[in-house]
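>>> I need the structure of the sequence given here:
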Amino acid sequence: MTFLIFLGVLSVLVLIHEFGHFAAAKIFGIKVEEFALGLPFTRAIFKITFGETQYALYPLLFGGFVKLHGEEQQVTSNKKQSFFERGKKQRLLVLSAGIFMNVILALCLFVALYLMIGVPGETRELVTIDAVQVGSPAEKAGIKAGDRIANVAKILDLQLMAKTGTGKVVTLQIRRGETIALFEGIVEKNTQELAIDVVPENGVIGVSIGEYPYVTTTQCPMTNVQCPIRLVAASVKATSVWGSKILDGFRSIGKSLMAGKKPEGVAGPIGIYQLTGVVAGEGIFPLMELVAILSLNLAIFNVLPIPALDGGRIFFVWLEWARRKRVSPELEAKINGWGMAVLLALMALISLQDVIRIWWK
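Residues are numbered from 1 along each chain as shown. Now for the predicted structure:
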């Protein structure tokens, strides 16, 4: 099941990105020769043609592409539909459209998420019961794993209450109900508030506890005319916050590489596969948030001026603008080819690191 979910997530991210290039090209009248999911290093699983475009699926699904007429060099036929013949503005818009679509996907997912679980507000730490010992005072009192203790601010406060309250009745204000584990915190759902009396024995009540961040949310009924504005504002904020975190992550990786150190927090396809399985196990809402974050990650990664990425190709257009002279198509193609080789090698190394981290801890 994890593999199917991962495959679905990956396909959505890639298809949305490539659809951006596809749609922009169609709008400007540029011929799309091929629209593909997967990288063309093997024979296609299948190909089918509709109109002037061939649609294909390749086995190596960690990517996709849109092949435009006259994409890398000047053509002698059908110049009106050639990408090569277009002005710099149109080429920049076509190259940027995939990045734009990934940002829009993230924004739409945050809107849908907040519409269903509520608009997030402040975050606070709550002492939470992780486990209850069999036969303990806590079990006898009816305390359950997952309960939140509202009248205790810190773990030490509960420990002090248990020590000073040995043999006496201690009242705990319990919050109980379903929870949704998001990346920025836990959202409470259908919460009950209970007052539970427990009598500590030998200074303990028999629980394992932890402090976790909980996000307060407010439901936004669509009958309220201000609701769409609140939803979009919260989603734009989330997109901006996560975008900043991802940029900080890339800066950190860059600094580590420049210093000759191993970058921390980097995950390849195998690492993302593992994370997808863990998050999917928590439910559809955490999975929606993960897809939004991955979509932003893909967008920002593609902005980087690395050959073979959208950012690298955009850089060549800006360079043409600055020099007032086009870079040789042959040279650009060679540089992009080298860039692709380096990216694939890097992906292989990161995947090896993921394997070692996950299976040979």
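>>> residue 39 contacts residue 65, correct?
Yes - assessed by CB atoms under 8 Å, residue 39 is found in contact with residue 65 at 7.3 Å. (C-beta placed from N, C-alpha, C; glycine too.)
>>> what about the two, which has more around it?
The neighbour count for residue 39 versus residue 65, taken as other CB atoms under 10 Å, is higher for residue 65 (19 against 16).
>>> separation between the nearest residue to the more buried one once chain neighbours are set aside and residue 16?
In space, and not counting its chain neighbours, residue 65 is closest to residue 36: 5.4 Å by CB to CB, 6 or more residues apart in numbering. Residue 36 is 14 Å from residue 16, where distance means CB to CB, to the nearest Å.
>>> partner strands of the helix or strand hosting residue 215, with direction?
Counting by DSSP states H and E, the element that carries residue 215 is strand 207-218. Taking DSSP bridges as the criterion, strand 207-218 pairs within the sheet with strand 119-132 (antiparallel), strand 185-198 (parallel).
>>> kindly export the first one (C-alpha atoms) in PDB.
The one in question is strand 119-132. What follows is strand 119-132, C-alpha atoms only, in PDB (Å, rounded to 0.1, in the frame of the first residue of the first chain):
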ATOM      1  CA  VAL A 119      -8.000  27.500  10.200                       C
ATOM      2  CA  PRO A 120      -4.900  27.100  12.400                       C
ATOM      3  CA  GLY A 121      -4.200  29.600  15.200                       C
ATOM      4  CA  GLU A 122      -1.800  29.600  18.100                       C
ATOM      5  CA  THR A 123       0.300  26.600  19.100                       C
ATOM      6  CA  ARG A 124       0.800  25.600  22.700                       C
ATOM      7  CA  GLU A 125       2.600  22.700  24.500                       C
ATOM      8  CA  LEU A 126       0.400  20.200  26.400                       C
ATOM      9  CA  VAL A 127       1.600  17.400  28.600                       C
ATOM     10  CA  THR A 128       0.300  14.200  27.000                       C
ATOM     11  CA  ILE A 129       0.000  10.600  28.300                       C
ATOM     12  CA  ASP A 130       2.100   8.300  26.000                       C
ATOM     13  CA  ALA A 131       1.400   5.100  27.900                       C
ATOM     14  CA  VAL A 132      -0.400   3.800  31.000                       C
END
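>>> need the contact partners of it.
With CB atoms under 8 Å, 6 or more residues apart in numbering as the test, strand 119-132 has contacts from 114, 138-139, 143-150, 152-155, 157-158, 175, 184-185, 187, 206-220, 230-231, 234, 238.
>>> buried sites along that strand?
119-120, 126-129, 132 (16 or more other CB atoms under 10 Å).
>>> circling back: can you show me the CA trace of the strand holding residue 215 as CSV?
Output of strand 207-218 as CSV, limited to C-alpha atoms (Å, rounded to 0.1, in the frame of the first residue of the first chain):
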residue,chain,number,x,y,z
VAL,A,207,2.2,6.8,33.2
SER,A,208,4.8,7.7,30.5
ILE,A,209,4.4,11.3,29.5
GLY,A,210,5.7,13.9,27.0
GLU,A,211,5.2,17.5,25.9
TYR,A,212,3.9,18.0,22.4
PRO,A,213,2.8,21.1,20.4
TYR,A,214,-0.9,21.4,19.8
VAL,A,215,-2.4,23.7,17.2
THR,A,216,-5.7,25.4,17.9
THR,A,217,-8.0,25.6,14.9
THR,A,218,-11.2,27.5,14.1
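>>> can you name the next helix or strand after it?
The helix or strand immediately downstream of strand 207-218 is helix 227-258, counting by DSSP H and E.
>>> give the other helices and strands that that next one contacts.
Counting contacts by 3 or more CB pairs under 8 Å, 6 or more residues apart in numbering; DSSP states H and E, helix 227-258 is packed against helix 88-117, strand 119-132, helix 284-303.
>>> quick check: nearest residue in space to residue 18, chain neighbours excluded?
Going by CB to CB, 6+ apart, residue 18 has residue 64 as its nearest residue, at 4.6 Å.
>>> on that earlier part again, using a markdown table, lay out the strands paired with strand 207-218 together with distance to residue 261.
Listed next are the strands paired with strand 207-218 as a markdown table, based on distance: least, CB to CB, whole Å:
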| stretch | distance to residue 261 |
| --- | --- |
| strand 119-132 | 32 |
| strand 185-198 | 31 |
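>>> got CSV for the ones you listed, with mean pLDDT and distance to residue 11 too?
Output for the strands paired with strand 207-218, formatted as CSV (pLDDT from 0 to 100; distance: least, CB to CB, whole Å):
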stretch, mean pLDDT, distance to residue 11
strand 119-132, 94, 28
strand 185-198, 93, 28
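>>> nearest to residue 226, of these?
strand 119-132 (10.9 Å; CB to CB).
>>> only the buried residues of the helix or strand following the closest one, if you could.
Sequence-wise, the next helix or strand downstream of strand 119-132 (DSSP H and E) is helix 137-141. Going by neighbour count (16+ other CB under 10 Å), the buried part of helix 137-141 is 137-139, 141.
>>> likewise for stretch 340-351?
Those would be 340, 343-344, 350-351, for stretch 340-351 by 16+ other CB under 10 Å.
>>> picking that back up, now the buried residues of helix 137-141 in a markdown table, with distance to residue 328 and pLDDT?
A markdown table is the format used below for the buried residues of helix 137-141 (distance: CB to CB, whole Å; pLDDT from 0 to 100):
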| residue | distance to residue 328 | pLDDT |
| --- | --- | --- |
| 137 | 79 | 93 |
| 138 | 74 | 94 |
| 139 | 75 | 94 |
| 141 | 78 | 94 |
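>>> can you verify the residue nearest to residue 65 is assigned to a strand?
Yes - membership of residue 36 in a strand is supported by DSSP: H, G, I helix; E, B strand; the rest coil.
>>> cool, thanks, signing off.
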